[in-house]
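A.B. asks: Have a look; sequence and predicted model below, questions after that.
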Amino acid sequence: MDTKKQMQTIIRRLKKEYPKSKTELFYGTPFQLLTATILSAQTTDVLVNRVTEPIFKKYKTANDFLKLTPEELEKMIKSINYYKTKAKNILSCAAIIKERFSTEVPKTMQDLITLPGVARKTANIVLSEAYGINEGIAVDTHVKRLAARLGISNNTDPVKIEQDLMKITKKENWQLVSNLLIYHGRRVCDAKKPRHSDCVLADICPSADI
DNA sequence: CTCCCGATAT
DNA sequence: ATATCAGGAG
């Protein structure tokens, strides 16, 4: 079966299911998106938004966040897991962005992944959402799980999964496919109990033995 | 490979 | 009690 056609079908059907799919992370500025995405590692977006909403009212740019001490930021994001590491990374990012990138969140993959706590997944989110740049496909836990279940990629390395997805997806759909798979992963194809009977992809999915 | 290390659903 | 949640670094 043609995997490119399979991907086209997946995108068409999921687009119909979730016409308004976009990031569910709350943010205003590029640095806020970077911050929210760093916080979102192994954490639900609902919890991230709960924590960032009051913070983002006061702190919008890298320079704003540099007014905070690590201890102050830790206290504000205490309910997020890995809060110490994340607080340190966010402030390190702010400092580096101020010093090396004239206070602006970088617009290239190469520059973004030099930031602490930022790898391809986070960089892809920032590039596509904040700047509209399709450098790659953001592969998170949902994309990884759905790619495996749909028989698209058996790799465990997120970078290889991203390459497998890019090969069979039109570049213009790179950010869309990531958002669609995440939406579907959260609502129907969840990790514990995938709801095959409610899945619009069931007939083309190797994992749905209905 | 381990560490980071909280909230929530089941 | 345990698995999982928009991962990344050492």
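C.D. replies: Good, I have the coordinates. Residues are numbered from 1 along each chain as shown, chains lettered A, B, ... in the order given.
A.B. asks: Quick check, the residue in chain A closest to DNA strand B?
C.D. replies: Residue nearest to DNA strand B within chain A: A:Lys84 (2.7 Å; C-beta to the nearest atom of the strand). For every residue, glycine as well, the C-beta is placed using N, CA and C.
A.B. asks: tell me the contacts of that residue?
C.D. replies: By C-beta atoms under 8 Å, 6 or more residues apart in numbering, A:Lys84 lies in contact with A:Glu74.
A.B. asks: Render the CA-only coordinates of the host helix or strand of it in PDB, please.
C.D. replies: Element membership of A:Lys84, judged by DSSP states H and E, is helix A:83-100. Extracted C-alpha coordinates of helix A:83-100, given in PDB (Å, rounded to 0.1, in the frame of the first residue of the first chain):
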ATOM      1  CA  TYR A  83      10.100  22.200  37.600                       C
ATOM      2  CA  LYS A  84      13.700  22.900  38.800                       C
ATOM      3  CA  THR A  85      15.200  21.800  35.500                       C
ATOM      4  CA  LYS A  86      12.600  23.700  33.500                       C
ATOM      5  CA  ALA A  87      12.900  26.900  35.500                       C
ATOM      6  CA  LYS A  88      16.700  26.800  35.000                       C
ATOM      7  CA  ASN A  89      16.400  26.100  31.300                       C
ATOM      8  CA  ILE A  90      13.800  28.900  30.700                       C
ATOM      9  CA  LEU A  91      16.000  31.500  32.400                       C
ATOM     10  CA  SER A  92      19.100  30.200  30.600                       C
ATOM     11  CA  CYS A  93      17.300  30.500  27.300                       C
ATOM     12  CA  ALA A  94      16.300  34.100  28.200                       C
ATOM     13  CA  ALA A  95      19.900  35.000  29.000                       C
ATOM     14  CA  ILE A  96      21.300  33.400  25.900                       C
ATOM     15  CA  ILE A  97      18.600  35.000  23.700                       C
ATOM     16  CA  LYS A  98      19.400  38.400  25.200                       C
ATOM     17  CA  GLU A  99      23.200  38.000  24.700                       C
ATOM     18  CA  ARG A 100      23.500  36.000  21.500                       C
END
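A.B. asks: Please export the C-alpha coordinates of whichever helix or strand comes after that helix as CSV.
C.D. replies: Sequence-wise, the next helix or strand downstream of helix A:83-100 (DSSP H and E) is helix A:109-112. Provided in CSV are the C-alpha atoms of helix A:109-112 (Å, rounded to 0.1, in the frame of the first residue of the first chain):
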residue,chain,number,x,y,z
MET,A,109,16.5,25.2,13.7
GLN,A,110,20.3,25.5,14.0
ASP,A,111,20.1,28.4,16.5
LEU,A,112,17.1,27.1,18.4
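A.B. asks: Now do the helices in chain A.
C.D. replies: A:3-17, A:30-39, A:45-58, A:62-65, A:70-76, A:83-100, A:109-112, A:120-125, A:131, A:141-149, A:158-168, A:174-187 (DSSP state H).
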